[in-house]
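# sequence first, then the predicted structure, then my questions.
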Amino acid sequence: MNKALRSAVIAGNWKMNKTPSEAKTLIEELKPLVANAGCGVVICVPFVDLQVALEATAGTNIKVGAQNCHFEKSGAFTGEISADMLKEMGVEYVVLGHSERRQYFGETDVTVNKRTLAALNAGLKAIVCVGEKLEDREQGITEELVALQTKIALQGVSKQALKNVIIAYEPVWAIGTGKTATAEQANEVCAAIRATVAKVYDQETADGLTIQYGGSMNAGNAAELVAQPDVDGGLIGGASLKAADFAVIVDAASK
Ligand code: 13P
């Protein structure tokens with residue numbers, strides 16, 4: 001259990017917020033606030049904001065990510081964006097399997113796996129989201145379910161390629177609800193994910209894996225969450241849209 005073996009990453013998931021001009025304003029505000037971060041800083045923005053984000057963050061410590069990509073390389077998939085398209089633009093990260101995509105857009109563990117493989121093959125870093133619904137937690141199946149989601153998402157991912165994967169544990173009941181998992185709950189599930197990865201790969205690989213918590217993480221609760229031994233930063237929704245709040249979270253993870 002050694003946090004020094006892996007890096008903490010704070011990633012903002014802007015979801016469907018901010019036009020390109022609004023994105024530029026927010027990034028300009030954010031840049032000086034996170035310039036001395038002691039952790040990884042990523043902003044995952046809407047597709048149409050990517051170009052502006054790449055330009056505005058050039059030469060800074062802020063990395064840019066997308067919020068999804070398709071699993072096929074190219075073809076008749078109207079409205080979709082491929083991993084190669086993102087890579088060629090200079091995008092480094094992509095969020096995959098977010099619960100909102102699972103809930104509203106038919107994403108399954110199997111398609112999350114296909115997207116993960118496509119993203120890694122294209123040279124992107126994948127932030128793969130897993131997490132239980134409230135009824136799963138009440139039924140006592142959280143750890144089994146999250147372990148299964150993790151295993152399926154990572155099918156066919158080599159040990160080497162896993163270095164480009166971050167797992168984000170996001171309990172669905174905590175997303176956008178203001179209900180945060182307690183630090184203990186977050187740590188327990190992140191530890192269970194690490195144990196799963198240790199079983200599938202090996203302990204050293206699992207110890208090197210960045211596992212984030214996400215779900216109503218904010219400037220007030222971030223410090224306690226990211227201090228947990230198995231929580232390596234966070235995936236931040238609402239609070240990533242406010243530069244000052246996001247910067248406080250980055251500071252908390254830099255300690
Ligand atoms: P909130 O921080 O708004 O709860 O969203 C979390 C999330 O879904 C990040 O991907």
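That came through fine.
# CA atoms for contacts and neighbours, from now on please.
Noted.
# so what's the residue of the stretch 1-150 of the chain found nearest the ligand up against?
Here the residue of the stretch 1-150 of the chain nearest the ligand is N13; by C-alpha to the nearest ligand atom that distance is 5.1 Å. With contacts defined as C-alpha atoms under 8 Å, 6 or more residues apart in numbering, the neighbours of N13 are I43, C44, V45, Q67, L235, I236, G237, S240.
# kindly recompute the last result at 7 Å.
Remark: with contacts taken as C-alpha atoms under 7 Å, 6 or more residues apart in numbering, N13 is in contact with I43, C44, V45, L235, I236, G237, S240.
# read off the pLDDT value for the first one.
Read that as I43. pLDDT, I43: 99.
# now it, nearest residue through space, not along the chain?
G12 (4.6 Å; C-alpha to C-alpha, 6 or more residues apart in numbering).
# how close does A119 get to I10?
Distance from A119 to I10, counting by C-alpha to C-alpha, to the nearest Å: 20 Å.
# what number of residues lie near the closest residue to L241 other than its chain neighbours?
Leaving aside its sequence neighbours, L241 sits nearest to W14 (C-alpha to C-alpha, 6+ apart; 6.5 Å). For W14, the tally of surrounding residues (other C-alpha atoms under 10 Å) stands at 21.
# and if you look at P32?
12.
# next one: the one 10 residues further on
A total of 20 residues lie near V42 under the criterion other C-alpha under 10 Å.
# can you check V95 too?
That count, for V95 with other C-alpha under 10 Å as the rule, works out to 26.
# kindly report the same for V248.
Neighbours of V248 (other C-alpha under 10 Å): 19.
# ok, it - contacts?
A219.
# what about it, which SS state?
helix (DSSP: H, G, I helix; E, B strand; the rest coil).
# at which residues are the helices of the stretch 151-255 of the chain located?
183-200, 203-207, 222-226, 243-254 (DSSP state H, counting those that start in this stretch).
# need these in a markdown table (columns: mean pLDDT).
Formatted as a markdown table, the helices of the stretch 151-255 of the chain follow (pLDDT from 0 to 100):
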| stretch | mean pLDDT |
| --- | --- |
| helix 183-200 | 98 |
| helix 203-207 | 97 |
| helix 222-226 | 98 |
| helix 243-254 | 98 |
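# need phi/psi at the residue nearest to L241.
phi -70, psi -10 (degrees, to the nearest 10).
# how about the one 10 residues further on?
For K24, the backbone dihedrals (degrees, to the nearest 10) come out as phi -60, psi -40.
# cool, V9 as well?
Residue torsions, per degrees, to the nearest 10, at V9 are phi -130, psi 130.
# hang on, it packs against A37?
No: assessed by C-alpha atoms under 7 Å, V9 is found out of contact with A37, at 10.1 Å.
# please say which of the two ends up with more neighbours.
V9 (24 against 18).
# which non-adjacent residue is nearest that one?
V9's closest residue in space is G40 (C-alpha to C-alpha, 6+ apart), at 4.3 Å.
# where does the most centrally placed residue in the chain land on pLDDT?
For the chain, the residue nearest the mean C-alpha position is I127 (4.0 Å; C-alpha atoms, centre = their mean). Per-residue confidence (pLDDT) for I127: 99.
# that one reaches E170, doesn't it?
No: contact criterion C-alpha under 7 Å: I127 and E170 do not qualify, at 11.5 Å.
# count the neighbours of the residue nearest to T196 when sequence neighbours are not counted for me.
Among residues not flanking T196 along the chain, A147 sits closest, at 6.0 Å (C-alpha to C-alpha, 6+ apart). If you count neighbours by other C-alpha under 10 Å, A147 ends up with 22.
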